[in-house]
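A.B. asks: Structural data only, the sequence is not supplied:
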């Protein structure tokens with residue numbers, strides 16, 4: 001059974017529970033019902049979706065006629081062809097057709113994907129939404145291919161996943177030298193919902209960084225910080241251990257901007273030597289081995305999707 005993660009962490013690194021462990025990143029686990037190879041916390045808990053602030057929640061106009069079907073870009077994303085944005089680029093490039101006629105706009109509304117082809121290949125009906133947890137090692141690119149010939153996550157996934165696994169898309173990215181939890185799904189719409197900052201899904205990282213920093217410096221990040229003209233929103237940061245100039249810091253954020261953790265810590269005068277993600281929403285790295293992948297139970301996926309939909313509807 002995976003070790004349980006602390007939920008309410010002390011702000012002062014010297015004010016710890018009796019017997020609380022300090023030190024390098026712990027292998028965090030899920031609830032008692034979660035498998036040891038990857039954690040799933042109840043979506044209503046600390047690491048579930050958070051209601052975003054200031055989001056437009058205006059309800060649809062009830063006087064407008066109900067649309068019969070969905071946009072083709074949404075349907076193709078749901079079928080796992082690519083993310084909606086990538087599908088829109090495919091349509092712009094003339095790669096998508098219906099009964100042999102090239103689709104001119106991603107706003108085309110369809111009730112099914114019958115007769116739709118991508119690069120001349122028929123599109124199969126979408127299968128059930130599947131979600132995998134992957135412990136990404138450092139030194140892998142989060143991409144399908146690299147012009148420079150560097151290894152990608154798919155190099156490792158060939159050995160980590162069953163041969164009949166559908167095409168999977170990464171949820172967000174982890175930098176080349178960042179390791180830890182990466183979510184993968186076959187559902188482009190689900191991927192998009194997980195990535196959107198407006199969904200407010202927290203991501204938790206642990207960083208090993210050299211330099212002088214105090215808990216007060218880290219707590220100031222809770223108000224947000226601007227670095228080189230880029231504003232980073234609320235970050236919950238705790239100093240877990242200090243040994244001379246070496247620090248272990250845990251950070252939880254919801255935006256997930258490019259190199260956010262590294263940029264913020266470097267702004268505080270720290271040099272990051274190791275960075276790993278240990279949680280994404282209710283899903284935790286647990287004891288999942290380096291380079292290994294694990295499929296989340298269908299029931300857990302559906303519960304999380306429903307919780308996410310409820311939060312987004314508020």
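C.D. replies: On my side now, so go ahead. Everything quoted here is computed from the prediction, not taken from an experiment. Residues are numbered from 1 along each chain as shown.

A.B. asks: can you map out the strands along the stretch 1-150 of the chain?
C.D. replies: 39-40, 70-71, 96-98, 101-102, 109-110, 116-118, 121-122, 131-136 (DSSP state E, counting those that start in this stretch).

A.B. asks: With respect to residue 236, which of the ones you listed lies nearest?
C.D. replies: Proximity to residue 236, assessed across the strands of the stretch 1-150 of the chain by C-beta to C-beta, is greatest for strand 39-40 (18.9 Å). Every residue, glycine included, has its C-beta placed from N, CA and C.

A.B. asks: what is the mean pLDDT for the helix or strand hosting residue 248?
C.D. replies: Element membership of residue 248 [criterion: DSSP states H and E] is strand 246-253. Strand 246-253 shows a mean pLDDT of 97.

A.B. asks: picking that back up, which one of the strands of the stretch 1-150 of the chain lies nearest to residue 247?
C.D. replies: strand 131-136 (22.9 Å).

A.B. asks: Quick one: mean pLDDT for that closest one?
C.D. replies: If you average the pLDDT values across strand 131-136, you get 98.

A.B. asks: Strands of the stretch 201-314 of the chain, start to end?
C.D. replies: Counting by DSSP E, counting those that start in this stretch, the strands of the stretch 201-314 of the chain are 203-210, 225-227, 230-232, 235-243, 246-253, 271-280, 283-284, 293-295.

A.B. asks: For the third one, which strands pair with it and how are they oriented?
C.D. replies: I take that to be strand 230-232. Strand pairing for strand 230-232, using DSSP bridges, gives strand 225-227 (antiparallel).

A.B. asks: what do you get for the fifth one?
C.D. replies: The sheet places strand 246-253 alongside strand 203-210 (antiparallel), strand 235-243 (antiparallel), with pairing taken from DSSP bridges.

A.B. asks: Same question for the last one.
C.D. replies: Each strand that strand 293-295 pairs with, and the sense of that pairing, follows from DSSP bridges: strand 131-136 (antiparallel).

A.B. asks: Fine by me, thanks again.
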